[in-house]
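Pasted the sequence and its predicted model underneath.
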Amino acid sequence: EEIRIRANSRENAPEEIGRIILRANPDGSNLLLRDIANISLKFADTPNSSFSNDQRAVSINVEKLPEEDLQKISNFVGEYIEEFNAENENFELFASFDFNDLLQQRVGLLLSNGGVGLLLVLLGLGLFLSLRLSFWVAIGIPISFLGMFIIGNLVGITINMLSLFGMILVVGILVDDGIVIAENIYTHSERGKNPVQAAVDGTMEMLPSVFTSVTTTIIAFIPLMLLDNNGFTTEMAIVVIGCLAFSLVEAFFVLPSHLATGQALQKKEGKPKKDRIRGGLDKGIKYMRDRVYGKALSFLIRYKWVSFTIPIAIFMMVFGLIQGGLIKTTFFPSIPFDNFNVSLVLKPGTREGITEDYLKRFEKAVWEVNQEISDERDSDVSLIKTVDRNVGSDGGRGSAERGGHTGHLQVNLIDMEEIEDISSFEIAGRIRKRIGSVPEAQKFSVGGQNRFGNPFDLALLGSNLENLMAAKEEVKAEIATTKITKNIDFK
């Protein structure tokens, strides 16, 4: 027979637990817990059962050392999974999450952004100035990255999420200095100067302003490199600073030498169709410069009070919209996720069998929602890959609650970046609605974990436990009337 005793006490030392009063005896003495039980400090006998798609499962985490290569580990694990499944018919081994997939997505984003940047430079400068000139400007992007890779290898930086973030951040500003210098060189060439003289004069004329602009950005990233945050921003800052430094070298030395010795500044004869296109673009730019921008600039110079009051009026209007709640603000936005948890915490002492019954009901609701979405999308593709069920932990990070009264489902989705008609937030919301309220639970939540913490925390302090419990119930009832709140966790 098992007897559970609940006490409003947070003691964890055996001696203090033994002093818990169970009842008062008729003679006035107290019956203590140590009088009827042997209390000792041991490892907790916490139930822990895991299932994947309703099949008994064991989870194995593969971690990497700092000096090891993530892609090699991912390839090795993939090959091992194939070999294991081929040799074992009664078992199935699969990877529920591979961080290398996420890394490859960021590499693809970097390559696509860089490719779009190169294309825009080639088209923009090619149409308005010269196709050869635009090529030498665009080549500054890979040259800057190659130089940064040399520095990164020397200081021990690898291609990871932080360094990729810095590359994605800087790829959009790498060619700014090259565009300014190349355009100025082209202008000097149009004035009749030979290519060498045009390259020298055009570069020297823009050197102070371009150097100041880029070094200002470099200086802004130096504090991020020196922050004491376990290297969280150091690699990103080094990547940005390295790329910008090499872009200066490329813009001041490599680009002018190519323009001076090549055919980018040579006059081209013939090709009237291209000349007509460029002539039309020149007329459009001249019209915007003289008829639109020029007149607007003259008006603002003549009436200075207009240029002074309009920004202030716009600022006050935007500030009013923010304060009025029409423009929503958040410090850390919610990021779409490829997996989320359905967490459950019942009253301490609840047997694991009851907890598992709840989780099975939740899992059934998850698959029902998945089928509904597939029918609505008229697609045979399941958005949910697997549903992992665990009894013994609520699935939280760090201070996760454990015991037979806790459990969670981990819903693993396919790559949601390829799905445009529905988001992971909507899937989680529909599952939450299908499950409904669970009033007997101390904690029930559906959704991805916020790496920056909870959006709102409220703590009640007091010396009277009964008053605290009454206040908790009152706050709980009041928050429940608010429609915008979800995943409320009361402890």
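Now that the structure is in, tell me what you want to look at. Residues are numbered from 1 along each chain as shown.

now the stretch 1-150 of the chain, which segments are flagged as low pLDDT?
Across the stretch 1-150 of the chain, the stretches falling below the confidence threshold (pLDDT under 70) are 1-10, 44-46.

Neighbours of Val240, how many?
Other residues within reach of Val240, judged by other C-beta atoms under 10 Å, total 24. All C-beta atoms are positioned from the backbone trio N, CA, C, and that covers glycine.

can you tell me how far it sits from Val121?
Here the criterion is C-beta to C-beta, to the nearest Å. By it, Val240 lies 20 Å from Val121.

now the longest strand seen in the chain: how far from the chain's centre is it?
Longest strand in the chain by number of residues (criterion: DSSP state E): strand 402-413. On the basis of C-alpha atoms, centre = their mean, to the nearest Å, strand 402-413 is displaced by 24 Å from the centre of the chain it belongs to.

Could you double-check that Ala57 lies in contact with Asn48?
No: contact criterion C-beta atoms under 8 Å: Ala57 and Asn48 do not qualify, at 11.8 Å.

With neighbour numbers in mind, choose between these two.
Ala57 (18 against 12).

Could you measure from that one over to Ala95?
Distance of Ala57 to Ala95, given as C-beta to C-beta: 13 Å.

Check Val200 too.
With the distance defined as C-beta to C-beta, Val200 ends up 58 Å from Ala95.

now Phe232
Shown here: Phe232 relative to Ala95, a distance of 27 Å by C-beta to C-beta.

Repeat that for Glu235.
Where Ala95 is concerned, Glu235 sits at a distance of 26 Å (C-beta to C-beta).

Equivalent analysis for Asn88, please.
16 Å.

And the helices in the stretch 1-150 of the chain?
Assigned by DSSP state H, counting those that start in this stretch, the stretch 1-150 of the chain shows helices spanning 14-18, 70-87, 99-128, 131-138, 140-155.

Please work out which of these is packed deepest.
For those, the largest average neighbour count (mean count of other C-beta atoms under 10 Å) is found in helix 131-138, namely a mean of 22.

and the angle from it to helix 99-128?
Following axes from the mean of the first three to the mean of the last three C-alpha atoms, to 10 degrees, one obtains 150 degrees for the angle between helix 131-138 and helix 99-128.

so what does helix 131-138 touch, helix or strand wise?
Packed against helix 131-138 by the contact rule (3 or more C-beta pairs under 8 Å, 6 or more residues apart in numbering; DSSP states H and E) you find helix 99-128, helix 176-190, helix 255-261.

Residues in contact with that helix: which ones?
117-118, 121-126, 175, 178-179, 182, 186, 255, 258-259, 262-265 (C-beta atoms under 8 Å, 6 or more residues apart in numbering).

hmm, back to that, wait, which of the helices and strands packed on helix 131-138 is closest to Phe340?
The minimum distance between Phe340 and these falls on helix 99-128, with 15.6 Å, by C-beta to C-beta.

got the residue ranges for the helices in the stretch 151-300 of the chain?
Under the criterion DSSP H, counting those that start in this stretch, helices of the stretch 151-300 of the chain are mapped to 161-170, 176-190, 195-226, 234-249, 255-261, 272-287, 294-302.

Dump these to JSON lines, plus mean pLDDT and distance to Ser343.
Shown next, in JSON lines, are the helices of the stretch 151-300 of the chain (pLDDT from 0 to 100; distance: least, C-beta to C-beta, whole Å):
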{"stretch": "helix 161-170", "mean pLDDT": "84", "distance to Ser343": "26"}
{"stretch": "helix 176-190", "mean pLDDT": "86", "distance to Ser343": "47"}
{"stretch": "helix 195-226", "mean pLDDT": "89", "distance to Ser343": "35"}
{"stretch": "helix 234-249", "mean pLDDT": "89", "distance to Ser343": "32"}
{"stretch": "helix 255-261", "mean pLDDT": "85", "distance to Ser343": "56"}
{"stretch": "helix 272-287", "mean pLDDT": "70", "distance to Ser343": "59"}
{"stretch": "helix 294-302", "mean pLDDT": "89", "distance to Ser343": "57"}
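
Turn these into TSV, columns for distance to Val366.
As requested, the helices of the stretch 151-300 of the chain are arranged in TSV below (distance: least, C-beta to C-beta, whole Å):
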stretch	distance to Val366
helix 161-170	29
helix 176-190	48
helix 195-226	41
helix 234-249	37
helix 255-261	57
helix 272-287	56
helix 294-302	57
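
Can you tell me which of those is nearest to Leu346?
Of all the helices of the stretch 151-300 of the chain, it is helix 161-170 that lies closest to Leu346, at 36.6 Å by C-beta to C-beta.

How far off centre is the closest one?
Average the C-alpha atoms of helix 161-170, do the same for its chain, and the two points are 12 Å apart (C-alpha atoms, centre = their mean).

Can you spell out which helices and strands pack onto it?
Counting contacts by 3+ C-beta pairs under 8 Å, 6+ apart, the secondary-structure elements packed against helix 161-170 are helix 99-128, helix 234-249.

List of residues touching it?
Residues outside helix 161-170 that contact it (C-beta under 8 Å, 6+ apart): 102-103, 106-107, 109-110, 113, 145, 152, 157, 231-233, 235-240, 243-244.

Check which residues of whatever helix or strand Phe444 lives in are buried.
Using DSSP states H and E, Phe444 sits within strand 443-447. Within strand 443-447, the residues that qualify as buried are 443-447, counting by 16 or more other C-beta atoms under 10 Å.

Beyond that strand, next helix or strand please.
On the C-terminal side of strand 443-447, the closest following helix or strand by DSSP H and E is helix 465-480.

which residues sit in contact with the residue nearest to Pro256 when sequence neighbours are not counted?
Nearest residue to Pro256 in three dimensions, chain neighbours excluded: Ala199, at 4.1 Å (C-beta to C-beta, 6 or more residues apart in numbering). Ala199 makes contacts with 185, 256-257, 259-260, 265, as judged by C-beta under 8 Å, 6+ apart.

Now do Ala199 against Ser209, distance only.
Distance, Ala199 to Ser209, using C-beta to C-beta: 17 Å.

How about Asp101?
Separation of Asp101 from Ser209 (C-beta to C-beta) stands at 44 Å.

just Asn370 next, same as before
As for Asn370, its distance to Ser209 is 57 Å (criterion: C-beta to C-beta).

Comparing these two, which residue is more hemmed in?
With other C-beta under 10 Å as the criterion, Asn370 and Ser209 differ in neighbour count, and Asn370 comes out ahead with 19 against 12.

Test my guess that the more buried one contacts Lys385.
No: with contact defined as C-beta under 8 Å, Asn370 and Lys385 do not form a contacting pair (10.1 Å).

In space, what's closest to Val446 - neighbours in sequence excluded?
Arg432 (4.0 Å).

How many residues are close by that neighbour?
Here the count is done by other C-beta under 10 Å, and Arg432 has 19 residues near it.

so where is the stretch 351-491 of the chain shaky, pLDDT-wise?
In the predicted model, the stretch 351-491 of the chain carries pLDDT under 70 at residues 396-400, 448-456, 483-491.

try 90 this time
By pLDDT under 90, the weakly predicted segments of the stretch 351-491 of the chain are 351-356, 373-433, 435-491.
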